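Engineer: Okay, structure incoming, though there's no sequence with it:
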């Protein structure tokens, strides 16, 4: 699949009239090469050649993971060997990732490559990553399966008297046992009044009877993330307002999924769920976007929000996660990942 990705990137280089591109965003390096030495690899891709630049620690790994690349032991960013390679390849117009380049790397490009015209690649690779190929869809579905089944297996542990951190630790352990390399992100687990915090990290708070418990988690598997949120109520008498809010959030969540049509933008889909919640008088309590793209990063393009002007196309995977949060009382969020198909959305989360 990397060969197709390189091919698409080379078409972009033709459009922007660049002879080559240097890639050092770790996620883009992995996407284009398969190399997992995050932060210790740089790609130089020309119209005919592809180089992976790393150091001796990753020599064997780089050759195994990136067979399409000519692996060179060149330490970046301050490297005379890199300058020599650019000259050897006769590169005159070099594209770079303006949204990722550090000041040190920019100094290298600007000072030592004065013989090159620097061209802004902009978000070309990020945009390319929005459309998932078959292999990516398969991996993300597996990551969803790992997370979802792990949650179902430990859901019974969410009971009064247990600390949030203990529930989160058990969930992460089960995901690892099922094949996750690590969690996609620090597990969010917030109970009771803390559930009013959309990103409330697990604390030492003890879960109390009837409290809502928001669990937002994901599995990182073969370089890709999953992401899902479930709000459950601990055994006991729950607050009537929170039970009502749960039903509203579920309605907004389901409505967005069944209402999706090809050609919609992220704004259009966000508005469906937002209008539903606003109709019940909780518009101000739904402060975040409806969703975000997911892939090698847990948050990436496209945005499913008030500012989401990108058309949601076949092959995109993004979250649908409406929520209502009331300070001092609690909150509810329900999140699933959805894959855009020819006819609508396929929910790929489990549990």
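Structural biologist: Arrived safely, thanks for sending. Remember, it's a predicted structure, so these values are computed and weren't measured experimentally.
Engineer: CA only for contacts and neighbour counts going forward, please
Structural biologist: Will do.
Engineer: right, and residue 99 touches residue 124 too?
Structural biologist: No. Contact criterion Cα atoms under 8 Å: residue 99 and residue 124 do not qualify, at 10.7 Å.
Engineer: More neighbours: which of those two?
Structural biologist: residue 124 (14 against 11; other Cα atoms under 10 Å).
Engineer: The protein: helices as residue ranges?
Structural biologist: 2-15, 26-33, 59-65, 80-88, 103-107, 124-130, 134-154, 164-177, 240-259, 266-279 (DSSP state H).
Engineer: which helices and strands sit right next to the third one?
Structural biologist: I take that to be helix 59-65. strand 70-73 (3 or more Cα pairs under 8 Å, 6 or more residues apart in numbering; DSSP states H and E).
Engineer: Name the residues that touch the strand it packs on?
Structural biologist: 49-56, 59, 62-63 (Cα atoms under 8 Å, 6 or more residues apart in numbering).
Engineer: Quick one: distance of stretch 206-226 to the chain centre.
Structural biologist: Offset of stretch 206-226 from its chain centre (Cα atoms, centre = their mean, to the nearest Å): 15 Å.
Engineer: Now that stretch: buried residues?
Structural biologist: 206-226 (16 or more other Cα atoms under 10 Å).
Engineer: First-to-last residue distance for it?
Structural biologist: Distance between the two ends of stretch 206-226: 27 Å, counting by Cα to Cα, to the nearest Å.
Engineer: for it, what is the average pLDDT?
Structural biologist: Averaged over stretch 206-226, pLDDT sits at 98.
Engineer: With stretch 126-143 instead?
Structural biologist: Computed over stretch 126-143, the average pLDDT equals 97.
Engineer: tell me how far the ends of that stretch are from each other?
Structural biologist: 21 Å.
Engineer: Of all the residues in it, which ones are buried?
Structural biologist: 128-132, 136-137, 139-143.
Engineer: What is the nearest of those to residue 250?
Structural biologist: residue 141 (22.2 Å; Cα to Cα).
Engineer: any idea how far that closest one lies from residue 163?
Structural biologist: Distance from residue 141 to residue 163, by Cα to Cα: 30 Å.
Engineer: Show the contacting residues for the spatially most central residue of the chain.
Structural biologist: Nearest to the mean C-alpha position of the chain, counting by Cα atoms, centre = their mean, stands residue 298 at 2.2 Å. Contact analysis of residue 298 by Cα under 8 Å, 6+ apart lists 184-185, 225-227.
Engineer: Counting only strands, which of those residues make the cut?
Structural biologist: residue 225 (DSSP state E).
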